[in-house]
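Undergrad: Model the structure of this input:
(2 chains)
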Amino acid sequence: GQSLEQPSEVTAVEGAIVQINCTYQTSGFYGLSWYQQHDGGAPTFLSYNALDGLEETGRFSSFLSRSDSYGYLLLQELQMKDSASYFCAVPSGYSTLTFGKGTMLLVSP
Amino acid sequence: NAGVTQTPKFQVLKTGQSMTLQCAQDMNHEYMSWYRQDPGMGLRLIHYSVGAGITDQGEVPNGYNVSRSTTEDFPLRLLSAAPSQTSVYFCASSFGTVNTEAFFGQGTRLTVV
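TA: Predicted structure coming up:
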């Protein structure tokens, strides 16, 4: 089976940096994805890491360590609009996803 | 480009009723999936399809049926609705392979009373 663990909630202030961690246990591992979901909205793709290291896309970065079964999403220069839920997920061979339970990020002024 | 379109957006059913949640995509994606999202549970896979005529079960398939007669459409049928099926349902599609972005519809909020 597959399971992913991530914190349920993280709080931060505007302009700060926040890191959302994700540890996983999988029977077969292809990579780690991150999705963002605003309240009442659809999940939207943020990033995918197949190899160890840091991938940067604007204010967001994602890191993967395959040897530690661990990854994180790093959000810099936080804005109020970043308040959302963030999910780590592992893809299967059939393009389906197993998701973590999500981390709610609350950004305050 | 509409992407993934789900209908209806909201639905209230009585226990025992049946209904079909519609999902259509216009990106010519081979892979489509249905997920349900419950508070504090993340998204869980119900059924998926790797192409027209090919479907398979996910993590929580009981009480649901699917079929895939065309590349564009992937409807989800609730056979006899139960309160435990109260949830938000998301349809997703992707081009394929493991490192491909999944595109989600806006969801159907279903309440079974």
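Undergrad: Stretch B:28-44: how far from the chain's middle?
TA: The gap between where stretch B:28-44 is centred and where its chain is centred comes out at 7 Å by Cα atoms, centre = their mean, to the nearest Å.
Undergrad: Pull out the buried positions in that stretch.
TA: Residues of stretch B:28-44 classed as buried under the neighbour-count rule (16 or more other Cβ atoms under 10 Å in any protein chain shown) are B:29-37, B:42-44. Using the backbone N, CA and C atoms, a C-beta is placed for each residue, glycine as well.
Undergrad: so which of these are also by chain A?
TA: Checking the buried residues of stretch B:28-44 against chain A by Cβ under 8 Å from any Cβ of the partner chain, the ones in range are B:31, B:33, B:35, B:42-44.
Undergrad: Without its sequence neighbours, what residue ends up closest to A:L64?
TA: A:N49 (3.7 Å; Cβ to Cβ, 6 or more residues apart in numbering or on different chains).
Undergrad: picking that back up, the buried residues of stretch B:28-44: which two are farthest apart?
TA: Longest distance between any two of the buried residues of stretch B:28-44 is 24.7 Å, between B:E30 and B:G42; criterion Cβ to Cβ.
Undergrad: measure B:G16 to chain A for me?
TA: 28 Å (Cβ to the nearest Cβ, to the nearest Å).
Undergrad: Then B:V113?
TA: As defined by Cβ to the nearest Cβ, B:V113 lies at a distance of 21 Å from chain A.
Undergrad: Can you name the residues that contact residue 43?
TA: Chain wasn't specified; assuming chain A. Neighbouring residues of A:P43 by Cβ atoms under 8 Å, 6 or more residues apart in numbering or on different chains: A:35-37, A:87, B:43, B:90, B:102, B:104.
Undergrad: my bad, chain B
TA: Taking Cβ under 8 Å, 6+ apart as the criterion, B:L43 is in contact with A:43, A:87, A:97, A:99, B:35-37, B:90.
Undergrad: can you count the residues close to B:T70?
TA: As a burial measure, B:T70 scores 10 neighbours (other Cβ atoms under 10 Å in any protein chain shown).
Undergrad: repeat for A:P7
TA: Under the neighbour criterion other Cβ under 10 Å, A:P7 is assigned a count of 16.
Undergrad: Could you do A:S69 as well?
TA: Residues within reach of A:S69, counting by other Cβ under 10 Å, total 16.
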